[in-house]
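Trainee: how would this look folded up:
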Amino acid sequence: MRPMTRWAMTGVLLTTALAGPLSMPAHSAPGSAPASLYAPSALVMTTGHGEKAATTAPERAVTVNCAYTTSGTHPDPRQACADLDRVNGDLDRLATLRGNEAGQPCTKEYRPVVVTIQGVWRGTRINYEHTFANPCIKETQGAAAFAF
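Mentor: Got it, this is the predicted structure:
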């Protein structure tokens, strides 16, 4: 093969390889999109008995991924992501999202439970901590995101 023909073929192949993906539609099928269009939302949630996370050993840790599809080791990652969406990432509102709508009475004992959320939410790094007075209050007043 002549050098000029080889260069031309190389140019055609390079152009096809580079321009081909650029000419494809962003959505290859209805209802689906590349995951790169969504900001990352991957969180690690922990809970433990104590007042501060710095002095409390985590007793339980779960993961939640809310990017394009929900997944993780949380018992209900879909509801956890829905709670985070409802408060638009305002984690201070998350701790009182449910209220005590079931009317479940809680004792007034002080046995603090600390919940932490660390990771990335919609592309923003977060480091959150909230202390509930006891496990009953965590279960009745905290969001479903805290139910693990």
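Trainee: pLDDT at the closest residue to residue 77 other than its chain neighbours, what is it?
Mentor: Setting aside the residues directly before and after it, residue 77 is nearest to residue 70 in space (C-beta to C-beta, 6 or more residues apart in numbering), at 4.6 Å. Heads up, the C-betas are built off the backbone N, CA and C, glycines and all. Confidence at residue 70, expressed as pLDDT, is 86.
Trainee: please apply the same query to residue 64.
Mentor: 93.
Trainee: which residues of the chain score low on pLDDT?
Mentor: By pLDDT under 70, the low-scoring segments of the chain are 1-38, 98-103.
Trainee: and the helices in it?
Mentor: 3-23, 77-86, 91-94, 135-141 (DSSP state H).
Trainee: which residues touch the third one?
Mentor: If I follow you right, that is helix 91-94. Residues outside helix 91-94 that contact it (C-beta atoms under 8 Å, 6 or more residues apart in numbering): 83-84, 87, 117, 126, 128, 130, 142-143, 145-146.
Trainee: cool, thanks, signing off.
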